[in-house]
Each structure stands twice: as structure tokens, then as C-alpha cells.
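>>> Based on what follows, work out the 3D shape:
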Amino acid sequence: MSFLKTYKVAEIQTVGGQFVLVKRSLCEPKEGEGELRRLVLLNRLGANVACSPTLLVKVLASGVCHTDAAAIHGLIGAKHPLVSGHEVVGDVAAVGPSEKRWKVGDRVGADFHGGHCGVCKSCLSGSFDTCVSQNITGIFSDGGHAEYGYFRTVSLASVPVDMDPAEAVPLICAGVTVYNSLRNVANLHPGDIVALGAHLYIDASKENQAEALNKMGGAKVTAVTTAPDAASISSLIPALAVHGMLLLLAASGDPTVPTGPVIFRRTKIQGWPTGTPLDEEETLDFPQLSGIKSYIEKFPLDQIQTDRMMSNHAREYCFTRQAHQQTGAEKLDYVP
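Okay, here's the model as predicted:
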């Protein structure tokens, strides 16, 4: 396979800055060189993250999550210059000599969980997504807003080749978070029936959602919040019924917790991170079986600074690319 000498990345060079398209060098690994450009990735990781082999991925689609906005503004430990994006689907372009699972051409996905140390209590218990030293894609290491990217082999999930990469990227982050949290927190198993939706929808812009829920008896089982808004989270706590649970899946500011409803109704507040590569693969299988599709808007990488995207008006947006073979080398073009 031939390689370009350079590739583009969308880089945030300063905290709170604008995206800047820059070129980086891309070299074909030489025989006997050892793990594929291992130091390239390790140099961008925090000192507390354990060493792990990496491989090169040709990015086909990269989704945008609200957490990206937090990283751009220097929150959650993000380091600048930064290449964000932790909803990534692409094809393996090159692997190291010791790679055992992946081969060139495999369709893979990379998400928020960018690798784990393997030695902390969480890892030893199999809870890799709560590793105390985990790498976070697009925050501690380069993410997917680029033509190519280096990703840890242990953090990658297999993506069905018959699934549109742009439709797969939201499932790798938001999808696995909701799917994985519901089946773990609610103790669901294969074959169980889950109702999605509601008999009545409450428009929080027109009425008080806590009062409306309490009139109906409160949220009796699990109220799931995916809105990154502290005020909305606070308003839902009084709406929980006895033994109700509020499941937090979106990072936000610090909500105010009214202790009365929590104490006297024995309610619970719980969070859940994304998941492991196996969780992602099982999440990607779900729409294949159920026929559900992601609502997305596609943009070329050159439009990454579009106001519609950065102001959160797009439901879910991602950057896509299309590859063409020309004069023995790969020409990379971005298409809307």
C-alpha cells in the first residue's frame, strides 16, 4: 500500500482557540523498525499512561461529541495543541510486526476509551473503561478529526463493513453509553423487552418538567439524562418517585442536588462511562438487528469551524472522506 508523505489534521492550538488545518508527516514503516511509530503516539500521551502498541488508521468518518467542546476549552485535562474527535471509524492502513488481531484493510472504530494501563484495580477486575490511568482519545492523544490517526490496538472495535461509517460514529460514543448503561444499571439481558419513548412528552421550554412528572406520580424506574445542562439535571431530581434513579450520561457543570427528595424517597443518582471495545461491537450489532439508524449531518473537514456545528444546532455531525487511487498513490478528498 502506498502512503502520502503528509496528511491533514484539524488542530486546536490554544485553549478555546479555533480549528486550524495543518499538515503532518506520514512515513511508511520500515522493516525491522519495531512497533509501528510507537513513539509518535507515546510522545503525545501523559506520563502516567502505560505503553501499548499502536496502528495507523485511515479515517473515513469522525463524529463530534459535546465532550469535544469541553476539551477545546481546556477542561477534563485536555492538552494543547489538540486534535479532538473520539467517535472515529476508519480502515487500518498499517500495523506493527507484533500485531495479532488487526490487519491492513480491517474496518475499525475508536471511541472515548483510548487505552488502559492493565495494572490498576479497575483493569484487574475487567473494568477497563474506569481505568485510573486510561488514555482518552482526542483529549490525551490525537483524535479522529484528521485524514489519518494513530490508535492503540487494545482500544479498537470491529465495525461492520456494510454499515455507513458516518452512521456508525455516533453509536461508538453516545450509542454505546446509553445502550451499555441501560443493560448494566437496569440489569437487562438478551431477549428482554425494552420500551423506548414515552406515552407523554414534556417540553421543558413550556412547562416545569419536575412538576409535570410529579403530577403523573414521578419517574418510577430510571430517568436518563443525556443533556449536558446542569439546571436540567437538578430539576429532574425532585421528579423521581420513591426508589427512582437518575442516570447521568452527559458531562455538564456542577448541578445542585436537593437532598430532601434523595433522602426521603430513597432515590439514586448514578453515572456510566462509555464502554470497552467489546461493548462497542455489541452496540453496533444492535442497529443491524433492530433496523434503527443514526440521525446525522455530514460535513467535509474543511468546514469544521461552521457556526451551525459549533453552536450545537446540528443533531449529530461528522466529517467524512473518500479515497481515490491515482498515479500509484492515494489521493484523499473530503466530500459532504
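
>>> tell me the average confidence for stretch 123-137?
The pLDDT scores in stretch 123-137 average 88.

>>> what's the span of that stretch from first residue to last?
18 Å (Cα to Cα, to the nearest Å).

>>> List the buried residues of that stretch.
Buried positions in stretch 123-137, judged by neighbour count with 16 or more other Cβ atoms under 10 Å: 123, 128-129, 131, 133-137. Every residue, glycine included, has its C-beta placed from N, CA and C.

>>> Please name every helix or strand in contact with the longest helix along the chain.
Of all segments of type helix in the chain, defined using DSSP state H, the longest is helix 277-290. Here helix 277-290 touches strand 156-158, helix 176-185, going by 3 or more Cβ pairs under 8 Å, 6 or more residues apart in numbering; DSSP states H and E.

>>> Turn those into JSON lines, columns for mean neighbour count.
JSON lines is the format used below for the helices and strands packed on helix 277-290 (neighbours: other Cβ atoms under 10 Å):
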{"stretch": "strand 156-158", "mean neighbour count": "22"}
{"stretch": "helix 176-185", "mean neighbour count": "20"}
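
>>> Switch the ones you listed over to JSON lines; also include mean pLDDT.
Shown next, in JSON lines, are the helices and strands packed on helix 277-290 (pLDDT from 0 to 100):
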{"stretch": "strand 156-158", "mean pLDDT": "95"}
{"stretch": "helix 176-185", "mean pLDDT": "82"}
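
>>> can you tell which of these is closest to G16?
Evaluated with Cβ to Cβ, these place helix 176-185 nearest to G16, the distance being 25.7 Å.

>>> quick one: the closest one to helix 277-290, angle?
Relative orientation of helix 176-185 with respect to helix 277-290: 100 degrees, computed using axes from the mean of the first three to the mean of the last three Cα atoms, to 10 degrees.

>>> Now the longest strand seen in the chain - C-alpha only, PDB.
Of all segments of type strand in the chain, defined using DSSP state E, the longest is strand 54-63. As requested, C-alpha coordinates have been extracted for strand 54-63 and formatted as PDB (Å, rounded to 0.1, in the frame of the first residue of the first chain):
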ATOM      1  CA  THR A  54      -0.500   1.400  18.100                       C
ATOM      2  CA  LEU A  55      -1.500   1.100  14.500                       C
ATOM      3  CA  LEU A  56      -2.300   3.500  11.700                       C
ATOM      4  CA  VAL A  57      -5.900   4.200  10.700                       C
ATOM      5  CA  LYS A  58      -7.200   5.900   7.500                       C
ATOM      6  CA  VAL A  59     -10.100   7.900   8.900                       C
ATOM      7  CA  LEU A  60     -13.400   7.600   7.000                       C
ATOM      8  CA  ALA A  61     -15.700   9.500   9.400                       C
ATOM      9  CA  SER A  62     -15.200  11.300  12.700                       C
ATOM     10  CA  GLY A  63     -18.200  12.400  14.800                       C
END
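
>>> all helices for the stretch 201-336 of the chain, in order.
Here the stretch 201-336 of the chain has its helices, by DSSP state H, counting those that start in this stretch, at 209-215, 230-236, 259-264, 277-290, 307-310.

>>> what mean pLDDT would you report for the shortest one?
Which is helix 307-310. 54.

>>> about what we covered before: pull out the buried residues from the longest helix of the chain.
Residues of helix 277-290 classed as buried: 277, 279-284, 287 (neighbour count, 16+ other Cβ under 10 Å).
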